[in-house]
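**Q** Below is the structure, and that's it, no one-letter string:
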């Protein structure tokens, strides 16, 4: 086999990611009375956050939704994952607060709808810089060519020419694909949960990687982080109170790079 077809692009073009569902829920949430919002937030906060992929746990989804609520003031059109709310990042890295790159422009036509804006941002940023990048590297490492039919120019133009109601029904995405191809695939395919490609970062930091992060913080003096805040976050993670895996990963990667790139 020299060439394989992939489904890359379907989530971005046809509203398949569950974070789009989270955005839809957010609009309803902010219409609720504040006392009711606070009661919901307190209930979520009181429960430990499961150390599993969100597709496996409703409680995990609730925690991610609560985290999205707290990060609202930090949100920008650039849809690369925002791991820290502004006030949290200011505590972790005071010298870096309010600094960063300018987000790329999103097509004006997509800005009329927040979910369509997220889809456009994912298609122009997340898809080429992450998804296609790693698929290309992995496939070419084995002399395999991959093709993504969903990314045909005509399909992309069609997908973004249609309103959101064509993409979603209630809180379910990929409506057009489900309607078009429902008779070509068994029901078990359409109803199964989404299969992510996440790695167990949460487990790593509760074991060896957590100890390595502590050592890096102890060894290095010239870094922008507030060590006590980072260690507090690591302790919270190791005790199983909250899943801080990806936040810790960002810090670890920087410190690891700094430790091994000293020769630069």
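**A** Yep, it's here. These numbers come from a predicted model, not from an experiment.
**Q** which residues in the stretch 51-200 of the chain form helices?
**A** Along the stretch 51-200 of the chain, counting by DSSP state H, counting those that start in this stretch, helices occupy 58-70, 86-92, 114-121, 132-140, 153-161, 164-167, 175-181, 187-191.
**Q** closest one to residue 19 among the ones you listed?
**A** For residue 19, the closest of those is helix 114-121, at 7.2 Å, according to Cβ to Cβ. For every residue, glycine as well, the C-beta is placed using N, CA and C.
**Q** quick one: that closest one to helix 153-161, angle?
**A** Inter-element angle recorded for helix 114-121 and helix 153-161: 160 degrees (by axes from the mean of the first three to the mean of the last three Cα atoms, to 10 degrees).
**Q** ok, and the closest non-adjacent residue to residue 178?
**A** residue 190 (6.2 Å; Cβ to Cβ, 6 or more residues apart in numbering).
**Q** these two touch, right, the one you found and residue 183?
**A** No. Assessed by Cβ atoms under 8 Å, residue 190 is found out of contact with residue 183, at 10.7 Å.
**Q** Please tabulate the helices of the stretch 51-200 of the chain in TSV, including the columns mean neighbour count, mean pLDDT and distance to residue 229.
**A** Output for those, formatted as TSV (neighbours: other Cβ atoms under 10 Å; pLDDT from 0 to 100; distance: least, Cβ to Cβ, whole Å):
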stretch	mean neighbour count	mean pLDDT	distance to residue 229
helix 58-70	16	78	16
helix 86-92	16	83	5
helix 114-121	21	84	30
helix 132-140	13	94	31
helix 153-161	13	93	41
helix 164-167	16	86	39
helix 175-181	14	88	43
helix 187-191	9	83	43
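**Q** mind putting those in a markdown table, distance to residue 49 included?
**A** What follows is those, written out as a markdown table (distance: least, Cβ to Cβ, whole Å):
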| stretch | distance to residue 49 |
| --- | --- |
| helix 58-70 | 4 |
| helix 86-92 | 16 |
| helix 114-121 | 23 |
| helix 132-140 | 27 |
| helix 153-161 | 34 |
| helix 164-167 | 30 |
| helix 175-181 | 31 |
| helix 187-191 | 27 |
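**Q** Between the ones you listed, which one is closest to residue 23.
**A** Residue 23 lies closest, by Cβ to Cβ, to one member of the helices of the stretch 51-200 of the chain: helix 114-121, at 5.3 Å.
**Q** How far away from the center of its chain is the closest one?
**A** Relative to the chain's own centre, helix 114-121 is displaced by 14 Å; criterion: Cα atoms, centre = their mean, to the nearest Å.
**Q** Now do that helix: which elements does it pack against?
**A** helix 18-29, helix 153-161, helix 164-167 (3 or more Cβ pairs under 8 Å, 6 or more residues apart in numbering; DSSP states H and E).
**Q** The same query, at a cut-off of 6 Å, please.
**A** Helix 114-121 sits against helix 18-29, with contacts defined as 3 or more Cβ pairs under 6 Å, 6 or more residues apart in numbering; DSSP states H and E.
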